[in-house]
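In: pasting the sequence and the predicted coordinates here, then a few questions.
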Amino acid sequence: MIFLGTAAAEGCPCYYCRCDYCNEVRKRGGKDIRTRSSFRIDGKHQIDFSPDIFYQMQTLNLDVFELEHLLITHTHEDHFDLAEIIVKECAVDPQPQPLNIYLSQQALPWAERLMDSYSTHLSPEKKAELHSKYVLVPLDYFETYTVGDLVVTPVKSSHHAFGENELALNYMISIPSGHTMLYACDTGWYPEETWDYLSGKKLDLLIMECTFGGRQDRGLYIDGHLDIPNFLLMLERMESTGLIDEQTPVYATHINHKHHLLHDEMQTTLDQSRFNVIVAYDGLQIFEA
């Protein structure tokens, strides 16, 4: 399992930006260079597909030849780049299995319109063929599905996306090793129905966004995206329900440039909490699926 990218929508450094943070990232390089977020569970299963997929595959010496099941959190382009997905059409000898693309019921109409926009130049036969290769599979919040080798339950976040009434899916996933993980990106403070669903469950691994890092000025229990104060509030609420404990591995990801903590400083800050938090970086591997 590997973090392909750990940045928010603009990447880090932001290529339009010369703020002190971005300039320092350019000097430091290494873990502070972040591509747009996505997460590889194994060769067949992935969460999100970013505009940086080419660079990620080259840098990490990977490919997506075997990919059959793509879990999309939401329809923002940094998580669901359809133009990059259908580059498969350029392969000389592509893997013949269709790519199943899972997203919320609320995201489906928007994704269908987007798919249609990429096939307007095709004949009806070629358009039908394209749709048969990229199968949009709608999911309901809090329902459990078998997705390839995984058991997946999407839970409701508090992050709005392009679809009408679309809130990003966060994914609770049971993987073949027997571990249960929650991929919580993008989100802010959860709605109560999500807290109710998670109550009494237990995680072996939590991956959660911390978009605004060290910001202290955004308020508490805020929707949309997390920062360290709200990240820690989420962990405290999760601990109170039994979902995690102080030993549960927690990975912070989806980090932008609009705060003051670079990777090492962010890790030092989170080390002061009582939770077992690791600040993720591009290429970081965790236990095998």
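Out: Received, thanks.

In: what residues does stretch 87-94 touch?
Out: The contact list for stretch 87-94 (C-beta atoms under 8 Å, 6 or more residues apart in numbering) reads 65, 99, 130, 133. (Glycine included, C-beta is placed from N, CA and C.)

In: quick check on the residue nearest to the first one when sequence neighbours are not counted: phi, psi?
Out: Nearest-residue entry for residue 65: residue 95, 5.2 Å, with adjacent residues in sequence omitted and distances by C-beta to C-beta, 6 or more residues apart in numbering. Backbone dihedrals for residue 95, given as degrees, to the nearest 10, come out at phi -60, psi 130.

In: next: residue 160.
Out: Its backbone dihedrals place residue 160 at phi -80, psi 150, with angles given as degrees, to the nearest 10.

In: please apply the same query to residue 41.
Out: Note on residue 41: its backbone torsions stand at phi -80, psi -50 [degrees, to the nearest 10].

In: ok, it to residue 177 distance?
Out: From residue 41 across to residue 177, the span is 11 Å (C-beta to C-beta, to the nearest Å).

In: try residue 102
Out: Between residue 102 and residue 177 the distance, using C-beta to C-beta, works out to 21 Å.

In: could you check the pLDDT of the residue nearest to residue 65?
Out: Residue 95 is assigned a pLDDT of 89 by the prediction.

In: just give me the neighbour total for it.
Out: When neighbours are defined as other C-beta atoms under 10 Å, residue 95 has 15 of them.

In: same deal with residue 224?
Out: Burial measure for residue 224: 17 neighbouring residues, criterion other C-beta under 10 Å.

In: likewise residue 91?
Out: Other residues near residue 91 number 10, with proximity taken as other C-beta under 10 Å.

In: with residue 101 instead?
Out: Here the neighbour count serves as a burial measure; for residue 101 (other C-beta under 10 Å) it reads 19.

In: for it, give the beta-bridge partners.
Out: In this structure, residue 101 has the following beta-bridge partners (DSSP bridges): residue 70, residue 136.

In: contacting residues around residue 33?
Out: Listed by C-beta under 8 Å, 6+ apart, the contact partners of residue 33 are 12-13, 25, 282.

In: what's the answer for residue 134, then?
Out: Residue 134 is in contact with 85-86, 98-99, 101, 115, counting by C-beta under 8 Å, 6+ apart.

In: farthest-separated two in the residues you listed?
Out: Largest separation among the contacts of residue 134 by C-beta to C-beta: 98 and 115, giving 13.1 Å.

In: what does the helix or strand harbouring residue 40 rub up against?
Out: With secondary structure defined by DSSP states H and E, residue 40 is part of strand 38-42. Under the contact criterion C-beta under 8 Å, 6+ apart, strand 38-42 has outside partners 1-5, 46-50, 53, 56, 62, 79, 149-150, 173, 175, 183, 207, 253, 289.
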